[in-house]
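Q: from the sequence below, what's the structure:
(chains A and B)
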2 protein chains.
Amino acid sequence: MSNSLNPSSLTVQMGAEDQVLLLPAVNDDHGGVVVHMEEPMDSNIFAGALKASMSQWKKEGKKGVWIKLPIGLANLVEIVVKEGFWYHHAEPNYIMLVYWIPETNCTIPSNATHRVGIGAIVLTEKRELLVVQEKSGRFRGTGIWKIPTGVVDEGEDICAAAVREVKEETGVDAEFVEVVAFRQTHKAFFEKSDLFFVCFLRPLSFEIQKQDSEIDAAQWIPVEEYTAQSLPQDTGLFKSISDLCLAKLDKNYSGFSPISISSSSCDGTRTPAYMYVNTRDLHHASHTATNRL
Amino acid sequence: MSNSLNPSSLTVQMGAEDQVLLLPAVNDDHGGVVVHMEEPMDSNIFAGALKASMSQWKKEGKKGVWIKLPIGLANLVEIVVKEGFWYHHAEPNYIMLVYWIPETNCTIPSNATHRVGIGAIVLTEKRELLVVQEKSGRFRGTGIWKIPTGVVDEGEDICAAAVREVKEETGVDAEFVEVVAFRQTHKAFFEKSDLFFVCFLRPLSFEIQKQDSEIDAAQWIPVEEYTAQSLPQDTGLFKSISDLCLAKLDKNYSGFSPISISSSSCDGTRTPAYMYVNTRDLHHASHTATNRL
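A: From the prediction side, this is the model:
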């Protein structure tokens, strides 16, 4: 279907008109084309090739046109914008610009909208909670104990991020059990939103080796000592986490635990993914359903 | 703390050296500065002012330097990149570039990493499920019934997005009850990850008025007819949704329902936010805890 060209070279095509230089384009699965510029190029040559390519793509009835410019080709950004393209997204080393050719509604998918963070509730059977004091952040210097938190890396599973952050900040090995709650906030970072997953983990080791760069102190404290802390602000989340600690200890509180399923990624390949469900209730249901048969 | 300047004008500052043109910068809360360019500017003047500003900020011990360029100033992107800045993120109408001055580890927060989508399970007491057939997407033309799905808009709550998508695609009014599961996948869109929340809604109206632009067909079908469908692929998610439909009908499956809490957004203001928790188990816990006192 999609004829892959060497993205780093221009292609020469004989048209009804004279010879025209076209940008190297690869068809996508949605009736559009993607141009991955790689090699530096004279801006005048690029400008001409872009114009010629655009009229060609319009003739061919293409829809979305994507142009990816590595940061080394920042000199070409202005030219693409002048052709009517707008920014779609950017990462440290490249910017992606996009244009929608048809008269019909633009179906260009939206950019990523959320950052994802985790908080880790690590509780012992002796009702001890693993807590830290951070060197930066809102609670810096307040002496307030908080659960280990962190940002989920790009491509990282939520359950893996929780185990990693606990290990990094406190040196404690822990086993992921379930997500017990999550919070969605808006405008957390520029216009972006934030999803914060409160995770419950079972400790596998207890000796603490705190991370010096980010953590002022780390220790096990009685969960009641944690819940008794009075906070200057943001009691919303803190109160919820306190309630969840007690709910895990004193009641059979069930969160969502990860089930491995397969899904298809953008390039069509099958990749493993985690579905987080209330497995206690679900297995209960399945079990009964089986009995019905 | 932060002395706000008119971002659209250059500032003139008398230094130990001669008069130097500096870019209009506002201090952020993390020891850095933010430059919001707004008015068009001659690229040579801008280049000089950027160099002078950088040495000034280094003298002052600033950390992160943010420069926001509206798309109309695309001609300045190359100049900022040549100063050593990299791309942080971009939206259709602007690009944000960033530079980290100190020798110490860069603590620039990461860009948004996830897109967020929803699927809506709308079930009647007569075991009927609201389903659609889409005009595009993987199941296009397959005759397979799926639940209404959609992307959560920027700044939109998950619970609001589920109600909106159901209304848009089918015309049915529904009340959000809870998130019954969620799936995290990676490389769903370029390098970005995807969080898909399966939501359970209670129908408030039953007459169907399908959305012509995206939906081929919409109707109520017996849930068993939905679960009996055999899918070409991605049975992971489909199987889970089928199980969850039955678990909601036949068992007291408990998901996470939204509780309104307050949180503080990046500008320090208090904004409402939703915490999604297993309220059935949580209230049960609280109740018992109260009895204990």
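Q: C-alpha from now on. contacts and neighbour counts both.
A: OK.
Q: list the residues that contact the most centrally placed residue in chain A.
A: If you average the C-alpha coordinates of chain A and look for the closest C-alpha using CA atoms, centre = their mean, you land on A:Glu154, 5.3 Å from that point. Shown here is A:Glu154, whose contacts under the criterion CA atoms under 8 Å, 6 or more residues apart in numbering or on different chains are B:113, B:191-193.
Q: show me where the stretch 101-250 of chain A has helices.
A: Taking DSSP state H, counting those that start in this stretch as the test, the helices found in the stretch 101-250 of chain A are A:158-170, A:223-227, A:235-250.
Q: pLDDT below threshold where in the stretch 151-293 of chain A?
A: Within the stretch 151-293 of chain A, the ranges that satisfy pLDDT under 70 run A:232-235, A:264-270, A:285-293.
Q: and chain A, what are its domains?
A: If the domains of chain A are taken from automatic domain parsing, they occupy A:2-100, A:114-249, A:257-292, with pieces of a single domain joined by a plus sign.
Q: A:Ala49 contacts A:Val35, correct?
A: No: contact status for A:Ala49 versus A:Val35: not in contact, 11.8 Å apart, counting by CA atoms under 8 Å.
Q: shared neighbours, those two?
A: With the criterion set as CA under 8 Å, 6+ apart, the overlap between the contacts of A:Ala49 and A:Val35 is A:Leu23.
Q: quick check: next helix or strand after the helix or strand hosting A:Val80?
A: A:Val80 is located in helix A:77-82, with elements delineated by DSSP states H and E. Towards the C-terminus, the helix or strand next in line after helix A:77-82, according to DSSP H and E, is strand A:86-91.
Q: which other helices and strands contact whichever helix or strand comes after that next one?
A: Taking DSSP H and E as the definition, the helix or strand that follows strand A:86-91 towards the C-terminus is strand A:94-100. Other helices and strands packing on strand A:94-100, by 3 or more CA pairs under 8 Å, 6 or more residues apart in numbering or on different chains; DSSP states H and E, are strand A:64-70, strand A:86-91, strand B:86-91.
Q: let's see that with 7 Å instead.
A: Using 3 or more CA pairs under 7 Å, 6 or more residues apart in numbering or on different chains; DSSP states H and E as the contact criterion, the neighbours of strand A:94-100 among helices and strands are strand A:64-70, strand A:86-91.
Q: can you add mean neighbour count and mean pLDDT and give those strands back as JSON lines?
A: Rendered in JSON lines, the data for the helices and strands packed on strand A:94-100 read as follows (neighbours: other CA atoms under 10 Å in any protein chain shown; pLDDT from 0 to 100):
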{"stretch": "strand A:64-70", "mean neighbour count": "22", "mean pLDDT": "97"}
{"stretch": "strand A:86-91", "mean neighbour count": "23", "mean pLDDT": "94"}
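Q: same list, these, but as JSON lines with distance to chain B please.
A: JSON lines is the format used below for the helices and strands packed on strand A:94-100 (distance: least, CA to the nearest CA, whole Å):
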{"stretch": "strand A:64-70", "distance to chain B": "10"}
{"stretch": "strand A:86-91", "distance to chain B": "4"}
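Q: who's in contact with A:Tyr99?
A: Under the criterion of CA atoms under 7 Å, 6 or more residues apart in numbering or on different chains, the neighbours of A:Tyr99 are A:64-66, A:84-86.
Q: please tell me the pLDDT value assigned to it.
A: At A:Tyr99, the predicted lDDT confidence score is 97.
Q: where do the strands sit along the stretch 1-150 of chain A?
A: Here the stretch 1-150 of chain A has its strands, by DSSP state E, counting those that start in this stretch, at A:11-13, A:20-22, A:26-27, A:33-36, A:64-70, A:86-91, A:94-100, A:114-122, A:128-134, A:149-151.
Q: near chain B, which residues of the stretch 151-293 of chain A show up?
A: Within the stretch 151-293 of chain A, the positions adjacent to chain B are A:154-155, A:180-189, A:192-193, A:234, A:236, A:247, A:250-251, A:253-255, A:261-266, A:273-278, A:281-282, A:285 by CA under 7 Å from any CA of the partner chain.
Q: these in strands, which ones?
A: Per DSSP state E, strands hold the following members of those: A:180-189, A:192-193, A:261-264, A:273-277.
Q: quick one: low-confidence parts of the stretch 1-150 of chain A?
A: Along the stretch 1-150 of chain A, segments meeting pLDDT under 70 span A:1-19.
Q: A:Ile121: what's it in contact with?
A: Contacts here follow CA under 7 Å, 6+ apart; on that basis A:Ile121 touches A:147, A:199-201.
Q: ok, the residues you listed vs B:Gln219, which is closest?
A: Out of those, the one with the shortest distance to B:Gln219 is A:Cys199. That distance is 37.8 Å, counting by CA to CA.
Q: I'd assumed A:Leu123 was in contact with the closest one.
A: No: counting by CA atoms under 7 Å, A:Cys199 stays clear of A:Leu123, with 11.0 Å between them.
Q: more crowded one of those two?
A: Summary of the neighbour comparison: A:Cys199 and A:Leu123, criterion other CA atoms under 10 Å in any protein chain shown, with A:Cys199 having more neighbours (27 against 23).
Q: for the closest residue to A:Ala90 other than its chain neighbours, which residues make a bridge with it?
A: Setting aside the residues directly before and after it, A:Ala90 is nearest to B:His89 in space (CA to CA, 6 or more residues apart in numbering or on different chains), at 4.7 Å. Bridge pairing for B:His89 (DSSP bridges) gives the partners B:Met96.
Q: list the contacts of B:His89.
A: Under the criterion of CA under 7 Å, 6+ apart, the contact list for B:His89 reads A:89-91, B:95-96, B:111.
Q: could you do A:Tyr226 as well?
A: Residues near A:Tyr226 by CA under 7 Å, 6+ apart: A:Trp145.
Q: what separation do you get for it and A:Trp220?
A: Using CA to CA, to the nearest Å, A:Tyr226 is found at 10 Å from A:Trp220.
Q: a markdown table for the helices and strands packed on strand A:94-100, including distance to B:Val132?
A: Listed next are those as a markdown table, based on distance: least, CA to CA, whole Å:
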| stretch | distance to B:Val132 |
| --- | --- |
| strand A:64-70 | 26 |
| strand A:86-91 | 30 |
